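Visitor: only the shape, not the letters, is given here:
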């Protein structure tokens, strides 16, 4: 009964403009109904052609082939958005493993049943091919392209890596990453973050990172986000850097573990000589990590967006933990990286960055201060933890940076005083 009713709606979609038949709020509800229907109707037993049937909503059988017709173009866009909305609801209500675990065993079984069916019947491959076809059809529409990537990123976790990281799809992601549309670049960051975070063999993941030059792509996105004034893009690009950096650190720790002393703890600074096993692979990982750490230091820490700074500092804390226990990683990063990082930590820890909020931090009863103080001081706690890590690894560089900051502060105060007297 439910299947028949929904198929009637699909038939109506195919022969007339979608917005003429269904307002957007009805489309949203129908997408939810479709997601629930696939769990109640099978799909393997009672609705085996479900995905093929719903891909048909992308086509209006009554429309012409005139790509210059405004109504036809808008109708195609609405169909694409509705199809993506169905897949979004399907992930949120049925497939998402985290939500299924939270809801209970019955939902876990439903999620597994649908995913197994999609894998066994090549539906996953069909969906990503459909994504690419849609991308070709809407190559100039940044909003639709971003929606495609956002929805696709939700399926990355359990779809085969050869599908989600095919040459064709990665070319599409790369093109989006280089686009001028900030929302589209943010969506490409989200997809790449999901890809890097996907569970897979470490060797295969490293090959994936190097094959598609993901460190270089990430660095370009971080630089672009620093130049733009889009908080979502900045946050997504630095979250990508954090995820990628943490994965590379895990690989480095696996192939070149930190040495332990005779008491079972980490070696002290005096005990360190060649305390980590160096191989060509570990050298390559150290070089890639330095690229990411440098971009986090130069463009992440000075960002005016708190979320971007937090993502940068969390990665850099992990990186500096490794650096202070590894002579090679430490030597590789001296002096430019550490000096730049220290200067930016000190600058970013000042309250000049919150002046734009009109918050007077000298007045504890200021409503803006009360609103911001938790986030502001939490971030500064992270920055100080990073500062402390570097001071343990390179006390001389920290001393010079601190002296330079104090001198600069005194010079600024002196100049301001002279200007006021004049």
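Guide: Perfect, I can see it now. From a predicted model like this one, the values you see are computed outputs, not experimental measurements.
Visitor: for the protein, which spans come out with low pLDDT?
Guide: 1-3, 7, 9-22, 39-48, 59-71, 258-277, 326-336, 351-364, 368-375, 412-422 (pLDDT under 70).
Visitor: so residue 168 is in which element?
Guide: helix 167-177 (DSSP states H and E).
Visitor: if you could redo that for residue 85, that was the one I meant.
Guide: Going by DSSP H and E, residue 85 is part of helix 70-90.
Visitor: what is the very next helix or strand once past that helix packed up against?
Guide: Heading C-terminal from helix 70-90, the first helix or strand you meet, by DSSP H and E, is helix 97-103. Counting contacts by 3 or more CB pairs under 8 Å, 6 or more residues apart in numbering; DSSP states H and E, helix 97-103 packs against helix 105-120. C-beta coordinates here come from the backbone N, C-alpha and C atoms, glycine included.
Visitor: picking that back up, hmm, who's touching the helix holding residue 168?
Guide: 128, 131-132, 135, 145-146, 149, 152, 163, 184-185, 187-189, 191-192, 212, 217, 220-221 (CB atoms under 8 Å, 6 or more residues apart in numbering).
Visitor: would you mark the buried spots in it?
Guide: 169-170, 172-173, 176-177 (16 or more other CB atoms under 10 Å).
Visitor: same question, stretch 282-302
Guide: Applying 16+ other CB under 10 Å to stretch 282-302 flags 282, 285-286, 288-302 as buried.
Visitor: what do you get for stretch 124-143?
Guide: 124-125, 127-132, 134-135, 137-138, 141-142.
Visitor: residue 100: which of these is nearest?
Guide: residue 124 (17.7 Å; CB to CB).
Visitor: tell me who's in contact with the closest one.
Guide: Contacts of residue 124 (CB under 8 Å, 6+ apart): 118, 155, 159-160, 163.
Visitor: ok, of the residues you listed, which come out buried?
Guide: 118, 155, 159, 163.
Visitor: make CSV from those residues and add distance to residue 229 and secondary structure to it.
Guide: Shown next, in CSV, are these (distance: CB to CB, whole Å; DSSP: H, G, I helix; E, B strand; the rest coil):
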residue, distance to residue 229, secondary structure
118, 40, helix
155, 31, coil
159, 35, coil
163, 36, helix
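Visitor: helices of the stretch 201-350 of the chain, residue ranges please.
Guide: Applying DSSP state H, counting those that start in this stretch to the stretch 201-350 of the chain gives helices spanning 202-211, 214-227, 231-255, 280-295, 306-323, 327-332, 336-349.
Visitor: and of the ones you listed, who's closest to residue 367?
Guide: Nearest of these (CB to CB): helix 306-323, 18.3 Å.
Visitor: sweet, I'm off.
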